[in-house]
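Participant: just need the structure, nothing else, for what follows:
(one chain, ligands or ions: 1)
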Amino acid sequence: MPGTCVVGLQWGDEAKGKIVDLLGDKFDFVVRYNGGANAGHTVVANGKTFKLSLLPTGVIRPNVRSVIGNGVVIYPPRFLEEVGQLRAGGIELSGSLVLSDHAHVIFPYHMEEERLAESGAEGKIGTTGRGIGPCYQDKVGRRFGIRVGELLHPAHLRDRLRYVVPFKNRLMAAFANGHASALKPLDPEAISDEYLGYAESIRPYVTDTSRLLQDAFRDGKRVLFEAAQGSLLDVDHGTYPYVTSSSSLPSGIWGGAGVPAKNIQRIIGVVKAYTTRVGKGPFPTELDDGPEGLGERIRKIGREYGTVTGRPRRVGWFDAVAVRYTAALAGADEITVMLLDVLSGLPELNLCTAYDIDNERTTHFPSDSFQLERCRPIYETIPGWREDITAARTLSDLPTAARQYLDRIEELVGLRVTVVSVGPDRVQTILV
Ligand code: IMP
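Facilitator: Model (predicted):
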């Protein structure tokens, strides 16, 4: 049975959760393979609204097992808080949620390292402040990384933290020197006590998730992988260094869930009908046109504020150069276009079809930030539509201009549009 991946093809926040929701009960497993509590999604179940960052969006589905793979970084209090939030709302996850013993753990010094790094005058990434980058740094650096499985062995954990924390204290003192408030040194024993407390609550969820998933594929189970963040934030292929620290493309599944790529047979690329980005970094089609401008209008109508940090998202036109690039890297089979209704009422719409870089036209996406900074968008302008489209349920319910807009996105990206979302509600969807 096929594995399916739902992946955002822009800079995140493409409304992937709605696509996962629409796929509904077609899956036995939902899996997260990258990122951590830097993601944010709002899910509605039992008539209640839950704000989740770490658990997969599919977690609320009955009869679905949720897996947090080894490629995810875990902040234990956040994990327990989300599990508790769902339990208080009548959703019991014990038995249905599992957490990889190989996932790396975020400690207070990771958050502090990030705060210090981001408070410097230079070198800011505009991160979510959740300790994601420093935790992944320790993972690949190997000396200081601590995995979920290690939390379950008290003497071992204490030993590890007695080694790691004094080093981190020295590192943070050096980091703080001159550009940020000095930190009170952290105490390894206090951190051990705190994390051993979490460990007892986490223990029932911990398992070897790669084996679980390999068995699932062998038994013909249907498995859905949810990418966190967007492909342009992928650490290798995104707009480096303004990216996250994990592999958000489907290529991250093999490493981040222990599932060979040959098991993934359908890749659904999710895009917004326009583009948004949170944090720093180049954004060629950005509408940076002031409080009365189109950018602000789209931000307000689309409620474009970060779920995790509340920061206003940067807003711009649809960038077909960027999406063609990520669709190819992701191996997307189809695209779903979200938030089309947000563009209603604009007299004209711009689609970026190429870039001008130093007076040369290119349709190639230079993902290095220093090169992308120099790109100016080349637009094709097409007519907008005035009608409210939130009640459209088929393509023929859409105004001609909206259909032309979708057709042009299909042509430019080179993939069929299979779903169009015209509002936040599940029914506000056109299945093409
Ligand atoms: P980090 O993942 O917290 O290290 O942040 C690195 C960059 O990725 C920043 O620009 C963040 O705003 C961005 N980012 C991280 N997670 C998300 C997300 O879920 N949606 C959109 N942007 C994100």
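
Participant: got the residues of this structure near the ligand?
Facilitator: Residues of the chain lying near the ligand by Cβ under 6 Å from any ligand atom: 11-13, 38-40, 125-128, 130, 132-133, 228-229, 233, 242, 244-245, 278-279. Backbone N, C-alpha and C define where each C-beta goes, glycine included.

Participant: just give the number of residues close to the closest residue to the ligand within the stretch 251-400 of the chain.
Facilitator: Closest approach between the stretch 251-400 of the chain and the ligand, counting by Cβ to the nearest ligand atom: residue 279, at 2.1 Å. Look at residue 279: counted by other Cβ atoms under 10 Å, it has 20 neighbours.

Participant: you'd agree it is up against residue 126?
Facilitator: Yes - using Cβ atoms under 8 Å, residue 279 is in contact with residue 126, at 3.0 Å.

Participant: can I see the domain layout of the chain?
Facilitator: For the chain, automatic domain parsing gives the domain ranges 3-100+206-268, 104-202, 271-431.

Participant: dump these to JSON lines, plus mean pLDDT.
Facilitator: JSON lines is the format used below for the domains of the chain (pLDDT from 0 to 100):
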{"stretch": "domain 3-100+206-268", "mean pLDDT": "94"}
{"stretch": "domain 104-202", "mean pLDDT": "93"}
{"stretch": "domain 271-431", "mean pLDDT": "96"}
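
Participant: which of these is buried the deepest?
Facilitator: Mean neighbour count (mean count of other Cβ atoms under 10 Å) peaks for domain 3-100+206-268 among the domains of the chain, with a mean of 21.

Participant: so what's the residue of the stretch 251-400 of the chain closest to the ligand up against?
Facilitator: 125, 126, 127, 128, 242, 311 (Cβ atoms under 8 Å, 6 or more residues apart in numbering).

Participant: before we move on, what about residue 196?
Facilitator: Counted by Cβ under 8 Å, 6+ apart, residue 196 has contacts 151, 154, 157.

Participant: just give the nearest non-adjacent residue to residue 164, would you?
Facilitator: Among residues not flanking residue 164 along the chain, residue 144 sits closest, at 4.8 Å (Cβ to Cβ, 6 or more residues apart in numbering).

Participant: assign the one you found to helix, strand or coil.
Facilitator: Assigned with DSSP: H, G, I helix; E, B strand; the rest coil, residue 144 falls in the coil class.

Participant: so for residue 87, what's the nearest residue that isn't a sequence neighbour?
Facilitator: What sits nearest to residue 87 in space, not counting adjacent residues and going by Cβ to Cβ, 6+ apart, is residue 93, at 7.2 Å.

Participant: distance of the one you found from the ligand?
Facilitator: Distance, residue 93 to the ligand, by Cβ to the nearest ligand atom, to the nearest Å: 22 Å.

Participant: surely that residue is in a strand?
Facilitator: No - per three-state DSSP, residue 93 lies outside any strand segment and is coil.

Participant: return the residues in contact with it.
Facilitator: For residue 93, the residues meeting the contact criterion (Cβ under 8 Å, 6+ apart) are 59, 66, 83, 86, 87.
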